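Q: Provided below are the primary sequence and the corresponding predicted coordinates.
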Amino acid sequence: MKTLSRILLGIAAVSFVAAIILLILGRGADTGVPVVGMLSALAVAAQWEKRLGISSFTFWVFAFLAAALYFPSVFTFWFGFDTRKLVVPLIQIIMFGMGTKLSVGDFVREFQRPKAFITGTVLVYTVMPIAGLLIAKSFGFSPEVAAGVILIGACPGGAASNVMTYLADGNVALSVSLTAFATLISPVNTPLLMQLFAGKLITIPFLDMMVSIMNMIVLPIAAGLVVNRLLRGRKRRLDTLLPLLSMLAIILVVTVVVAHFRDQLLKVGLALIGASIVHNFIGYIFGYWGGRIMGLNERDCRTVSIEVGLKNGSMGMGLALNVLKSADAALAPIIFGKWMNISGSILAGYWRQHPADRDNAQTEP
């Protein structure tokens with residue numbers, strides 16, 4: 001395995017050098033193959049090389065993202081089929097996978113100590129929508145792009161927050177409960193926040209958005225909960241298969257959306273990257289210190305910070321495309337979704353190197 005990983009790292013290095021040479025020669029358009037090759041080689045190598053400090057999945061996301069930017073026609077239509085029609089079913093697969101990891105007991109345990117639960121839920125639905133509005137105005141985005149920035153802030157946390165919480169030595173049970181509860185109330189909260197903060201920018205179809213969230217998010221999670229309950233301890237194969245399907249679905253959703261809206265993305269990409277970094281950072285800071293002000297312990301503060309800072313980018317993309325019918329509104333969820341994987345990994349890695357004080361991390365009464 002070490003020999004293979006070294007070969008792959010060598011391929012990645014050669015591909016990187018080739019891309020640099022092409023850029024120097026003024027042939028930037030031809031760097032697609034070496035860039036995609038480099039990221040793909042790193043993705044495979046990351047399976048064995050833990051020192052890379054980033055997961056194989058993250059490299060695969062960036063590899064397909066690069067492929068979509070360089071070769072968009074490969075992912076837009078397949079034998080005349082518009083791949084945008086895959087977005088909602090793929091998101092439903094992701095949400096179903098989340099549901100199979102949940103149980104009623106996850107909620108019961110956290111409701112028994114409501115301070116952390118209520119604090120996290122309130123911060124999830126206040127900090128980021130307000131920050132999104134202020135950032136959108138500060139950057140001077142067009143109305144539809146600005147609505148997309150607000151939309152990602154109005155979405156609940158995503159499944160990535162649970163993984164990052166685990167890596168950050170946070171409270172995983174609280175993270176899972178916050179993600180699930182915030183998602184279950186999103187059919188009301190997300191359209192309401194969009195109407196409140198983005199209603200003057202674009203038309204917000206309140207009922208359509210509510211129905212879409214129910215269909216795209218809540219019903220698949222509920223179905224997953226039922227499957228988890230029915231199968232109980234007899235779903236080992238499902239536990240192996242669904243995470244893989246969810247990862248493939250995430251990669252395909254991002255690739256398809258980026259390929260279809262590549263030109264718009266390139267126009268406002270740098271500004272949106274900056275806005276996403278600021279937005280994400282605000283979520284981490286206010287989430288953590290909001291928990292501190294409420295007297296939560298260290299592990300719960302970390303959990304709330306990650307839950308507020310990491311949003312469900314897939315949900316944001318789906319709503320932008322299928323309810324708002326706006327490619328521009330989908331750009332912020334795309335970029336924010338990718339940036340949060342990077343920042344979340346960095347933050348979780350830092351906190352993992354600084355374990356929470358176990359004496360102060362006991363469950364609060």
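A: That came through, no problem.

Q: what's the helix or strand for the closest residue to Y70 other than its chain neighbours?
A: Once flanking residues are discounted, Y70 sits nearest to G32: 3.2 Å by C-beta to C-beta, 6 or more residues apart in numbering. Glycine gets a C-beta too; all of them are placed from N, C-alpha and C. For G32, the host element (DSSP states H and E) is helix 32-45.

Q: residue contacts, the closest residue to N341 other than its chain neighbours?
A: Excluding its sequence neighbours, the residue lying closest to N341 (C-beta to C-beta, 6+ apart) is T58, at 5.7 Å. Going by C-beta atoms under 8 Å, 6 or more residues apart in numbering, T58 touches N341, I342, S345.

Q: Can you report how many residues lie near the first one?
A: Translated: N341. Per other C-beta atoms under 10 Å, the neighbour tally for N341 reads 22.

Q: Could you tell me how far it is located from L219?
A: 26 Å (C-beta to C-beta, to the nearest Å).

Q: Equivalent analysis for R6, please.
A: 47 Å.

Q: which stretches of the stretch 51-200 of the chain form strands?
A: 77-78, 81-82 (DSSP state E, counting those that start in this stretch).

Q: The last one - which strands sit beside it in the sheet, and in what orientation?
A: Strands that pair with strand 81-82, judged by DSSP bridges, come out as strand 77-78 (antiparallel).

Q: starting at the chain centroid, how far to the strand it pairs with?
A: 25 Å (C-alpha atoms, centre = their mean, to the nearest Å).

Q: any residues touching it, and which ones?
A: Contacts of strand 77-78 (C-beta under 8 Å, 6+ apart): T83.

Q: and if we set it to 10 Å?
A: T83, R84, L86, V256, A259, H260 (C-beta atoms under 10 Å, 6 or more residues apart in numbering).

Q: of these, closest to I293?
A: V256 (41.5 Å; C-beta to C-beta).

Q: which non-adjacent residue is nearest the closest one?
A: Closest to V256 by C-beta to C-beta, 6+ apart is T83, at 4.6 Å.

Q: By residue count, tell me the biggest helix in this protein.
A: helix 262-293 (DSSP state H).

Q: before we move on, back to that, can I get the strands of the stretch 51-200 of the chain in a markdown table including distance to V211?
A: Below are the strands of the stretch 51-200 of the chain laid out as a markdown table (distance: least, C-beta to C-beta, whole Å):
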| stretch | distance to V211 |
| --- | --- |
| strand 77-78 | 28 |
| strand 81-82 | 22 |
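
Q: that older thread, out of the contacts of strand 77-78, which sit inside helices?
A: Filtering those for helices - DSSP H - leaves V256, A259, H260.

Q: Dump the residues you listed into a markdown table; add distance to S314 and neighbour count as well.
A: Shown next, in a markdown table, are those (distance: C-beta to C-beta, whole Å; neighbours: other C-beta atoms under 10 Å):
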| residue | distance to S314 | neighbour count |
| --- | --- | --- |
| V256 | 11 | 25 |
| A259 | 16 | 24 |
| H260 | 15 | 22 |
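
Q: Thanks again, I'm all set now.
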